[in-house]
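Trainee: My questions are about this predicted structure, shown below with the sequence.
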Amino acid sequence: MYYFKYDSPLGEMVGTSDGKSLCGLYFVDQKFFSMDIIKDHIEKNDLSVFLKTKEFLDQYFGGKIVENISIPISISGTEFQKRVWKIIYNIPYGDTISYSDISDKIYNLTQKKTSPRAVGGAVGHNPISIIIPCHRVMGKSGELTGYAGGIDRKKCLLDIESKHSTRG
């Protein structure tokens with residue numbers, strides 16, 4: 001397993017990989033992340049997946065709309081978490097969705113009721129910040145709620161996107 005560090009305008013980030021795919025991308029001070037994750041990892045900044053991830057982040061923080069990413073991703077989680085993360089991954093740049101909307105989408109897919117609170121738990125444990133854009137998930141009335149990286153950072157990420165979005 002490998003890792004790299006990235007100095008973003010919103011704080012230091014760490015990415016992890018199995019050598020082929022991106023397995024994690026975290027702000028170092030976010031909830032549910034510990035630098036212990038990389039204890040047994042080797043720092044390898046020139047790994048192909050890390051170069052693609054850095055390019056994505058440079059473009060994203062530079063205000064470029066980055067969609068249709070070609071970064072291979074491999075994440076561990078429950079089937080429920082993976083279903084939530086897939087929905088989040090598909091939220092278009094500049095758009096938002098509520099926890100309730102995600103639970104409705106899951107119901108439509110599985111015919112199983114899911115609470116917005118359960119969705120929130122999965123969203124909070126998203127292992128790949130920004131690329132799986134959990135910052136685009138809002139409260140039912142559009143309020144900024146729960147972000148493992150902090151509400152101020154969530155607001156900054158949404159501001160970056162609103163300034164450069166082509167959506168009306």
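Mentor: The structure has been received and is ready for your questions. Numbering: from 1, shown residues only.

Trainee: domain parsing for this structure?
Mentor: Domains of the chain are assigned by automatic domain parsing as 2-61, 79-164.

Trainee: In TSV, list these along with mean neighbour count, distance to Ser70 and mean pLDDT.
Mentor: C-beta here means a position set from N, CA and C on the backbone, and glycine is covered the same way. Formatted as TSV, these follow (neighbours: other CB atoms under 10 Å; distance: least, CB to CB, whole Å; pLDDT from 0 to 100):
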stretch	mean neighbour count	distance to Ser70	mean pLDDT
domain 2-61	16	7	92
domain 79-164	17	11	91
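
Trainee: Which one of those lies nearest to Pro72?
Mentor: Nearest of the domains of the chain to Pro72, taken as CB to CB: domain 2-61 at 4.2 Å.

Trainee: circling back: can you redo the domains of the chain as TSV with distance to Pro72?
Mentor: Below are these laid out as TSV (distance: least, CB to CB, whole Å):
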stretch	distance to Pro72
domain 2-61	4
domain 79-164	11
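
Trainee: center of this protein - which residue?
Mentor: Centroid-nearest residue in the chain: Ser129, 2.8 Å away (criterion: CA atoms, centre = their mean).

Trainee: who's in contact with that one?
Mentor: 13, 25-27, 30, 135, 148-149 (CB atoms under 8 Å, 6 or more residues apart in numbering).

Trainee: could those residues be laid out in JSON lines, adding distance to Glu43?
Mentor: Shown next, in JSON lines, are the contacts of Ser129 (distance: CB to CB, whole Å):
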{"residue": "Met13", "distance to Glu43": "14"}
{"residue": "Leu25", "distance to Glu43": "15"}
{"residue": "Tyr26", "distance to Glu43": "15"}
{"residue": "Phe27", "distance to Glu43": "18"}
{"residue": "Gln30", "distance to Glu43": "20"}
{"residue": "His135", "distance to Glu43": "27"}
{"residue": "Ala148", "distance to Glu43": "23"}
{"residue": "Gly149", "distance to Glu43": "22"}
